[in-house]
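Visitor: Okay, here's the prediction I keep looking at, along with the sequence it came from:
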Amino acid sequence: MIKWVMTAGVFLGIMIMLTPVFGFQYPVTGIDKRSHDRQETTWADPEKVTAQALFTTAHEEATGNQYFVSSDGDCGAGQPCYGKIQDAIDAAPDGSDILVKQGVYEESISLGSAKTVLVKGGYDSAYTQQIANTTFIQGLGQTTIQATGGSLKFQMLSILPVGSLPSDLNFYADPGFRKGYGATNPMAGLSPNNLVYLYYNDEGLLQNTSGSKLATSTDGINFADGATPTTYLYHPKYVLMPDGITRRTYMPAGNETARVVSKYITTGTTRTDDPGERYNGVSIDNGAIGIVEVFPDNIGGYLMLYIGDKFNINNIRRAYSPPGDNGMNFSFTTEDILGDASRPAGSDRNVDQFSLLLPDSRRRLFTMAYGGSRIDSYISSDHGTSFTQESGSRITTSDFSEFSVYSLHDPSVVRLSDGRYRMYVCARVDYDTSAAEDSSDRYKFVIVSATTR
């Protein structure tokens, strides 16, 4: 339940926008800003129910002292810094602005003193740019915003009902397999005419021939038989460089060293190896590198997120290719970019990373987490310099009810033409239940999918 409560004082400059989703019913107590009379409405029609109440005011310049809020407690140069919006409200004097970094804040808000405070959400990690619909408040049991004295102003702040998430974070399992037994390592891309290109590896159980395959689909659910790829132009790991070359940076097959190499596309099907190495690891990589993900930043450089020390620490690290280098030479920058290196060794750390640029210029990183029991996500508002974990999980093994899924691996996500997102992911499922648990025939991998609504 969400409640907006006024006892004394008023909410100033607030516009409440309600956007329809499905499956919610709750009373909303608000303020009619024309008369400041308290009113209450309940939406029972699922077509008119909302999952988000967005608070916004017209653009306002800074009015006084600035206080900073970040859900992870790291505001960078922004000081004083708080981990909760409420703590900043309590500390701020009359006329202050509270700048809130993008994220989900699990709290309710109250103002009990005779002061005016402007709470401004949507900020990137440098607190220089605001992006709408990226900062959320979600209470426990109910979300209450209460002003018993003074006044609160809000800008670019969204209220989530308890238990809900932004729509682009809620993935729902699609029925069936996208590719059956023996299919692994999905990589999905979308062509200009919205044809889904699914690249994957075939162990030979599907069509009696193993190796890299490509299948296409008009709806992203029903795919034609896979065949040797005829183009790599829509493979998400091939990245267009500023010099016009489309290049893939990767760990060579069977690699047990820290070498990272690359190849580039000269035509749709012809791939040519680049000379030399793009990266050769650092001492803390312990001579072993895993999955590599490369993407551009906003100034012409390229970031590489890679698994380092894959037989021991096994966590995601960062290297960088500067502007003008076109992804040819990466240098180490960050050892523990997701902050999970201190988790118990082995399966608790994030691996199988895949990133996707969002329409608002943020970058979302999907990872396999906790031994494959779920797919989590992290968000970056500074072009990949830092990432913050998003609430909940995007999909878990238990979300698949049609068949038993024992682990999830290698997520790959596309944004569909209608704005929804679809995740293709490798799933470990039953194959021959009569076989012994440790038999290679007991379980097999398939490719499944999940889609937002």
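Guide: On my side now, so go ahead. Residues are numbered from 1 along each chain as shown.
Visitor: what's the domain layout of this protein?
Guide: With domains defined by automatic domain parsing, the chain comprises 2-164, 168-451.
Visitor: Quick check: the residue nearest to the spatial centre of the chain vs Asp168, distance?
Guide: The residue lying closest to the centre of the chain (C-alpha atoms, centre = their mean) is Arg364, at 3.4 Å. Separation of Arg364 from Asp168 (C-beta to C-beta, to the nearest Å) stands at 8 Å. Bear in mind the C-beta positions are built from the backbone N, C-alpha and C, glycine included.
Visitor: just to revisit the earlier point, please look at the residue nearest to the centre of the chain and Asp376 and confirm they touch.
Guide: No. Taking contacts as C-beta atoms under 8 Å, Arg364 lies outside contact range of Asp376: 10.7 Å.
Visitor: what touches both of those two?
Guide: Glu390 (C-beta atoms under 8 Å, 6 or more residues apart in numbering).
Visitor: Give the rounded mean pLDDT of the helix or strand hosting Val104.
Guide: Secondary structure assigned from DSSP states H and E places Val104 in strand 103-105. Mean per-residue pLDDT for strand 103-105: 83.
Visitor: what does stretch 338-346 give?
Guide: Mean pLDDT, computed over stretch 338-346, is 77.
Visitor: Then stretch 231-239?
Guide: So the average pLDDT for stretch 231-239 ends up being 93.
Visitor: related to what we said a few turns ago, between Arg364 and Asp168, what contacts are shared?
Guide: The contact sets of Arg364 and Asp168 overlap at Leu358 (C-beta under 8 Å, 6+ apart).
Visitor: correct me, but Asp94 touches Lys115?
Guide: Yes. Assessed by C-beta under 8 Å, Asp94 is found in contact with Lys115 at 3.7 Å.
Visitor: overlap in contacts of these two?
Guide: Going by C-beta under 8 Å, 6+ apart, residues that sit against Asp94 and also against Lys115 are Gly150.
Visitor: Between the two, point out the one with more neighbours.
Guide: Counted by other C-beta atoms under 10 Å, Asp94 and Lys115 do not tie: Lys115 has more neighbours, with 17 against 13.
Visitor: residues touching the more buried one, list them.
Guide: Per C-beta under 8 Å, 6+ apart, neighbours of Lys115: 92-96, 150.
Visitor: Which among those count as buried?
Guide: Among the contacts of Lys115, the ones that count as buried by 16 or more other C-beta atoms under 10 Å are 92, 96, 150.
Visitor: For the first one, give me its contacts.
Guide: Listed by C-beta under 8 Å, 6+ apart, the contact set of Ala92 reads 65, 67, 98, 115, 117.
Visitor: Phe154 versus the last one, what's the distance?
Guide: Val117 sits 10 Å away from Phe154, taking C-beta to C-beta as the criterion.
Visitor: re earlier: which secondary structure elements does the helix or strand following the strand holding Val104 contact?
Guide: Sequence-wise, the next helix or strand downstream of strand 103-105 (DSSP H and E) is strand 109-111. Judged by 3 or more C-beta pairs under 8 Å, 6 or more residues apart in numbering; DSSP states H and E, the packing partners of strand 109-111 are helix 85-91, strand 143-147, strand 151-155.
Visitor: Quick check: mean pLDDT of the longest one?
Guide: Which is helix 85-91. For helix 85-91, the mean confidence score works out to 95.
Visitor: ok, back up a step: tell me which of the helices and strands packed on strand 109-111 sits most buried.
Guide: Counting by mean count of other C-beta atoms under 10 Å, strand 151-155 has the highest mean neighbour count of the helices and strands packed on strand 109-111, with a mean of 23.
Visitor: Report all helices and strands that that one contacts.
Guide: Packed against strand 151-155 by the contact rule (3+ C-beta pairs under 8 Å, 6+ apart) you find strand 10-11, strand 50-56, strand 109-111, strand 116-123.
Visitor: Report the angle between that strand and strand 116-123.
Guide: 20 degrees (axes from the mean of the first three to the mean of the last three C-alpha atoms, to 10 degrees).
Visitor: and the helix or strand just after strand 151-155, which strands flank it?
Guide: Toward the C-terminal end, the helix or strand that comes next after strand 151-155 (DSSP H and E) is strand 157-159. Paired neighbours of strand 157-159 in the sheet (DSSP bridges): strand 50-56 (antiparallel), strand 135-137 (parallel).
Visitor: rank those by pLDDT, which is bottom?
Guide: Lowest mean pLDDT within the strands paired with strand 157-159: strand 50-56, at a mean of 39.
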